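Participant: turn this into a model:
(chains A and B)
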Protein chains: 2
Amino acid sequence: MTERPDWIAVDWGTSNVRAWAMTAEGAVRAEATSDKGMGKLSPPDYEPALLDMIGGWLDRGPTRVVACGMVGARQGWVEAPYARVPGHPLPAGLTLAPTTTPGLSFGIIPGLAQSDPADVMRGEETKVAGFLALNPGWDGTLLLPGTHPKWISVSAGEIVAFRTSLTGEVFAALSGHTVLRHSVTSDDWDQAAFLSGVAEGLARPEALMNRLFALRAESLLSGLQPPAAKARLSGLLIGTDLAGARGWWLGARVALMGAGELMDTWRAALQAQGVAPEEADATQATLAGLTEAWRRSQ
Amino acid sequence: MTERPDWIAVDWGTSNVRAWAMTAEGAVRAEATSDKGMGKLSPPDYEPALLDMIGGWLDRGPTRVVACGMVGARQGWVEAPYARVPGHPLPAGLTLAPTTTPGLSFGIIPGLAQSDPADVMRGEETKVAGFLALNPGWDGTLLLPGTHPKWISVSAGEIVAFRTSLTGEVFAALSGHTVLRHSVTSDDWDQAAFLSGVAEGLARPEALMNRLFALRAESLLSGLQPPAAKARLSGLLIGTDLAGARGWWLGARVALMGAGELMDTWRAALQAQGVAPEEADATQATLAGLTEAWRRSQ
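Facilitator: Purely as a prediction, here's the structure:
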């Protein structure tokens, strides 16, 4: 890279960080990553961690960084207070972190909060803003798979409401820290067992506590194999999530935004209910959202 | 103790062991406990662990031990194959473990299995047998709180069906190994929050995945305190269990069998639904059941 960037985009999550050297037109000139996520840092650690990534992109002139994600959490670099829904995904100004490098400013996009039911997001609002920048006028439900899947209702360029579930983290906790670990530990996956779990969780969410134990019982009694038990566990939890979120997908326009295997998992679960979700790339949306936030804060 | 016991009763669980020196009439002469539960032992370890507890009760004559619990699991001393429900809680003979001490015999009560829905128990069948010996002719639903709560339908002296849930272990896994740990860690307990969680879990089990995340969101947004978050988490899970087990308690005669705080928790959850459960002491029932098994195997 021969020229300094016009600005720098940063997605600073709990586990990892990504930074992009950007042009004013929103093109990427260079990219850097780090594993110094929010979960590993105290406030004084952030600026050195940032400079490790982007120091080579700076010169004596002023450089603005626009960041989203857990860097703005209460336990992050500096708290970027939540904005409220319903509203635009990027409604407010940026919160500046305290930097000491001459010319460097670091602005954090606020997360969004919902009062009833209580819910929060940090980082996803930027993806939604980017998705809307790439798909002007889009109305419907965005589903962001992950440790904490988020259902986000979008209309007329605003976030109307959202719904976060603990589904992915429940799967990890039950797989790793209950008696089910003896039954579900496998690198393989049985798709038919997954889909039967989804159907069961959706049809009978009230049976969940018993169906979880039944995974163990079936592995003892009828030789349920780990790839099937693991996939059925995932299916039961995702099916329960689908049951609670029925109003978010039934008869709705749905777009899945994410990356990797989780996209396949949720796509299959939705398709089994007759939903044909559109799909969007999470990194593209993040970059478009950070660009949108940079423009709005000029 | 001056006389040798007529027989010895043993409840050998995953974590702990209890042994009682018994008379032929079912009276307790002496008691011993150990922390050498099934989870810590390989097959050759069992006889030394047993002798550490009961060696002082033996003399040169023959001594019979009757045992229940996880000692008969596949990973236990020797597998005591499951009997099937519906049927008597103590339907079959005992499985003898391989002992080397002259005169010592160690017989294990079989666990019970149910095919559809798949379910298993080991140890609880002995408590049910003891409860029925103490309460002849009792018909209704026995609820055994615990890590894996068991709903057991009893009629005409037999176990008709049973239903195990993972509820207690789900609570421990979510409390200790998800983001909720930041919100629920407390030694205190908010009973009103517990009951509101029970009501919510029972009324809307399909909302569980979202209500779990909402515990975290409320602690961030509205200062939900740990004693309330912990109790509500427990309530949501128990309420979900109650929703799935509705047919087991609604309009039914219910007896709670257990010990300690979990009895208070489940009693309150049931009473809030208008159920006034009878109560039974788990140790008394275990001893009565072991005595019944000893008599039936004479």
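Participant: contacts only, for the nearest residue to A:Pro226 once chain neighbours are set aside.
Facilitator: Of all residues not flanking A:Pro226 in the chain, A:Ser186 sits nearest, at 3.5 Å (CB to CB, 6 or more residues apart in numbering or on different chains). (C-beta placed from N, C-alpha, C; glycine too.) Contacts for A:Ser186 (CB atoms under 8 Å, 6 or more residues apart in numbering or on different chains) come out as A:Gln225, A:Pro226, A:Pro227, A:Ala229, A:Lys230.
Participant: same check, this time on A:Gln271
Facilitator: Neighbours of A:Gln271 in contact, by CB under 8 Å, 6+ apart: A:Pro277.
Participant: ok, now with 6 Å
Facilitator: Contacts for A:Gln271 (CB atoms under 6 Å, 6 or more residues apart in numbering or on different chains) come out as none.
Participant: repeat for the one 4 residues further on
Facilitator: For A:Val275, the set of contacting residues under the criterion of CB under 6 Å, 6+ apart consists of A:Trp249, A:Val254.
Participant: quick one: secondary structure of it?
Facilitator: For A:Val275, the assignment made with DSSP: H, G, I helix; E, B strand; the rest coil gives coil.
Participant: separation between it and A:Ala282?
Facilitator: As judged by CB to CB, to the nearest Å, A:Val275 and A:Ala282 stand 19 Å apart.
Participant: separation between A:Val198 and chain B?
Facilitator: According to CB to the nearest CB, to the nearest Å, A:Val198 stands 13 Å off from chain B.
Participant: pull the CA atoms of whichever helix or strand that residue is part of into PDB?
Facilitator: Using DSSP states H and E, A:Val198 maps to helix A:191-203. What follows is helix A:191-203, C-alpha atoms only, in PDB (Å, rounded to 0.1, in the frame of the first residue of the first chain):
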ATOM      1  CA  GLN A 191     -28.800 -34.200   8.500                       C
ATOM      2  CA  ALA A 192     -31.900 -36.300   8.700                       C
ATOM      3  CA  ALA A 193     -31.600 -36.400  12.500                       C
ATOM      4  CA  PHE A 194     -31.100 -32.600  12.500                       C
ATOM      5  CA  LEU A 195     -34.300 -32.100  10.500                       C
ATOM      6  CA  SER A 196     -36.300 -34.500  12.700                       C
ATOM      7  CA  GLY A 197     -35.100 -32.500  15.700                       C
ATOM      8  CA  VAL A 198     -36.100 -29.200  14.100                       C
ATOM      9  CA  ALA A 199     -39.600 -30.700  13.400                       C
ATOM     10  CA  GLU A 200     -40.000 -32.000  16.900                       C
ATOM     11  CA  GLY A 201     -38.700 -28.800  18.600                       C
ATOM     12  CA  LEU A 202     -41.000 -26.700  16.500                       C
ATOM     13  CA  ALA A 203     -44.100 -28.900  17.000                       C
END
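Participant: now that helix: average pLDDT?
Facilitator: Taken as a whole, helix A:191-203 has a mean pLDDT of 98.
Participant: coming back round to it: make a PyMOL selection of the buried ones in the contacts of A:Ser186.
Facilitator: Typed into PyMOL, the line below selects the buried ones among the contacts of A:Ser186, using 16 or more other CB atoms under 10 Å in any protein chain shown:
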select buried, chain A and resi 226+227+229+230
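Participant: how about the contacts of A:Ser186, which pair is most distant?
Facilitator: The largest separation in the contacts of A:Ser186, counting by CB to CB, is between A:Gln225 and A:Lys230 at 9.2 Å.
Participant: run through the residues that contact the residue of chain A most remote from its centre.
Facilitator: Distance from the C-alpha centroid of chain A, by CA atoms, centre = their mean, peaks at A:Leu221 (38.6 Å). Counting by CB under 6 Å, 6+ apart, A:Leu221 touches B:Ala113, B:Ala118.
Participant: for A:Thr283, see how far away it is.
Facilitator: To A:Thr283, A:Leu221 is 45 Å away according to CB to CB.
Participant: what of A:Gly69?
Facilitator: Distance, A:Gly69 to A:Thr283, by CB to CB: 13 Å.
Participant: also A:Ala113?
Facilitator: Distance of A:Ala113 to A:Thr283, given as CB to CB: 25 Å.
Participant: those two: which has the busier surroundings?
Facilitator: The neighbour comparison of A:Ala113 against A:Thr283 (other CB atoms under 10 Å in any protein chain shown) goes to A:Ala113, with 20 against 15.
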